[in-house]
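Asks: let me see the structure of the following:
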Amino acid sequence: MSSIHPLQAPLMGDVGAAESQKKSRPSLVHSLTRDKSDHREKPFVIVVALVAALGGLIFGFDTGGSGMTFNMTYFRAYFGWDTAPQSQIDMEMGLINGLFGAGAAVGALIAPSIFNTRGRKSTMAWGAVLFTIGASLQAAAVNMPMLYVPRLLSGAGIGMLSMCSPVYIAEVAPESHRGQLATLWQLAIVIGILLVSVLNIPLSEWTHGWRISYGGNIVFSVALLAILTIMPESPHFLVTKERHDDAHEALSKVRFEDQIQWEIEQLEMEARESKARGEATWGQVFDNEDNKMKRRVLKGILLQSIQQLAGINAIIFYAPSILEDFFGPKGGMYGALALNVVNFLSTFITMLTIEKFGRVFILFTGALLMSAALTATAVLSSLNHGGSSMGLGIGITVFCALYIVGFAYSWGPVVWVVCAEMFPLRERGKATSLTTFSNWFWTTVVGAIFPMAKTASLAGCFGFFAGVTFLASIFVYFYLPETSDRTAPEIDEEFNTHKSPFPRKKWS
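Replies: This is a model prediction of the structure:
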């Protein structure tokens, strides 16, 4: 494993490499030298990262839980779907999924106001509160409109958590272990999906089992609220607020004593630069004269957009409905469970490869694998002419599993890591909120449209996702700079000087 993890880049000094920026930034000189061979890690930092990743588990539980309710006999009977026209069912499915994404998009945009002024813990706490209220109302719903508004509310909570939690993990983790700890966010998501997939099978036999599918993860959001009270605030935030004693105390919980002084000085240098330049405005976040910030933000937005336009949430969320056509309601649930097991196991590939092969290579190979699997799935789907061929169903399930392998080791976790490491401290809150917003915007669009699009042409949906993932491979191959194992000035230099050579010579 590399001795310097790339997530130190936005976290350990944001001194721009671009010549045009040198005049506007203070001259920063570090009086201490960091021991790059020091890979020690306090066990408590793993606990902190796991607690922050609870937000991902909450999100995963909701995604897997609500999607599987569409196949539950008692849910369909309770809301009149047994006798409703398919067009109404498709619309209501789309609203249940889409409104959650819409709320999350709003939550991601409002999160920076708390993130920059009250801190990371407060942002996560507010996210957990909003989610708890929304999920409680969903579990108590007596009609379809009572599901809609709470979906917005709980979505807003998840949007705040998804904007803040990955950054918080990155800021408290030591640089030598930051990559692996950062992937805990995605791992927690797939654990939540897998957990509720297992629970939904017995819950489907209970008259009100669907209420647990929508509200069972309240247990995790309340646990997050409780445990946050003993978690340290981000030292980065504390130093920017000139709370130096608090920052030292926070670091003492996640660093060994002889590691603290170097990091305190590094954070103070970073804070002085940020203060000298002032808080970044929304316009400055798109200032291309400032170390290509406009290009960075647009590339981050494109990465997060592709992650959703590649179809993962549509396939995970609606897998029971897709597979039901071939295997029946119960078979659809078991098929979705099998896909979620694949999703869970494949995420560990990232933890073993993210430091060795670099970000771009993993994203590139993952996109090619997804595109090939989706193309095969589209072809098989086109052969289904209203029947329920078991052979076609098995083939579609196998290629969906192959697609999920490609996503789970690449575009699932790595996009979050790249977006957490590509922005300087001064612009990080606003820039990250924009990239996260784009993720949830397309989650809303895909989630709302997919039920109707699936009814019109399932093969066409898979074909669209295949095209997106193929274009994604081209984008990362030519246009995405490598940020793995880079310091802050080196990341600035990568974005300022990156070319689009063919063949690509720099993979890590």
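Asks: helices along the stretch 251-400 of the chain, start to end?
Replies: With helices called from DSSP state H, counting those that start in this stretch, the stretch 251-400 of the chain shows them at 257-277, 282-285, 293-309, 312-357, 359-382, 390-406.
Asks: need the ones you listed in TSV (columns: mean neighbour count and distance to His498).
Replies: Where C-beta positions appear, they are placed from N, C-alpha and C, glycine not excepted. Shown next, in TSV, are those (neighbours: other CB atoms under 10 Å; distance: least, CB to CB, whole Å):
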stretch	mean neighbour count	distance to His498
helix 257-277	17	23
helix 282-285	14	19
helix 293-309	21	9
helix 312-357	21	19
helix 359-382	22	11
helix 390-406	20	25
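Asks: spatially central residue for this protein, please.
Replies: Centroid-nearest residue in the chain, with CA atoms, centre = their mean: Trp416, separated by 5.2 Å.
Asks: separation between it and Leu267?
Replies: Separation of Trp416 from Leu267 (CB to CB, to the nearest Å): 23 Å.
Asks: quick one: low-confidence parts of the protein?
Replies: Along the chain, the parts satisfying pLDDT under 70 run over 1-39, 175-178, 278, 385-388, 487-489, 506, 508.
Asks: farthest residue from the center of it?
Replies: Outermost residue of the chain (CA atoms, centre = their mean): Thr83, 37.3 Å.
Asks: any idea how far Val47 is from Ile230?
Replies: Counting by CB to CB, the gap from Ile230 to Val47 is 10 Å.
Asks: quick one: what helix or strand has the closest residue to the residue nearest to the centre of the chain other than its chain neighbours in it?
Replies: Leaving aside its sequence neighbours, Trp416 sits nearest to Pro166 (CB to CB, 6 or more residues apart in numbering; 5.1 Å). Pro166 belongs to helix 145-172 when assigned by DSSP states H and E.
Asks: the inter-axis angle of that helix versus helix 257-277?
Replies: Relative orientation of helix 145-172 versus helix 257-277 (axes from the mean of the first three to the mean of the last three CA atoms, to 10 degrees): 110 degrees.
Asks: so Val51 touches Met231, yeah?
Replies: Yes. Counting by CB atoms under 8 Å, Val51 touches Met231, with 5.8 Å between them.
Asks: mutual contacts of those two, please.
Replies: Shared contacts of Val51 and Met231, defined by CB atoms under 8 Å, 6 or more residues apart in numbering, are absent.
Asks: spit out the contact partners of Leu187.
Replies: So Leu187 contacts Ala53, Gly56, Thr347, Phe348, Met351, Pro413 (CB under 8 Å, 6+ apart).
Asks: list the buried ones in the helix or strand containing it?
Replies: Assessed by DSSP H and E, Leu187 sits inside helix 184-203. Neighbour-count burial for helix 184-203, counted by 16 or more other CB atoms under 10 Å, picks out 184-197, 199-200, 203.
Asks: before we move on, what about stretch 204-216?
Replies: The neighbour-count criterion (16+ other CB under 10 Å) identifies Ser204, Gly209, Trp210, Arg211, Ile212, Ser213, Tyr214, Gly215, Gly216 as the buried residues of stretch 204-216.
Asks: what's the most distant pair in these?
Replies: Ser204 and Gly215 (15.8 Å; CB to CB).
Asks: any idea how far the residue nearest to Glu171 when sequence neighbours are not counted is from Gly429?
Replies: Leaving aside its sequence neighbours, Glu171 sits nearest to Ser234 (CB to CB, 6+ apart; 4.4 Å). For Ser234, the distance to Gly429 (CB to CB) stands at 11 Å.
Asks: kindly indicate whether Lys505 is helix, strand or coil.
Replies: What DSSP: H, G, I helix; E, B strand; the rest coil gives for Lys505 is coil.
Asks: next, count neighbours for it.
Replies: 6 (other CB atoms under 10 Å).
Asks: and the nearest residue to Leu130 once chain neighbours are set aside, how far from Trp185?
Replies: Of all residues not flanking Leu130 in the chain, Gly157 sits nearest, at 3.4 Å (CB to CB, 6+ apart). Distance of Gly157 to Trp185, given as CB to CB: 15 Å.
Asks: repeat that for Pro166.
Replies: 5 Å.
Asks: now the common contact residues for the two.
Replies: What both Pro166 and Trp185 touch, as defined by CB under 8 Å, 6+ apart, is the set Trp416.
Asks: pretty sure Arg486 is touching Glu494, no?
Replies: Yes. At 6.4 Å, Arg486 and Glu494 qualify as touching, with contact defined as CB under 8 Å.
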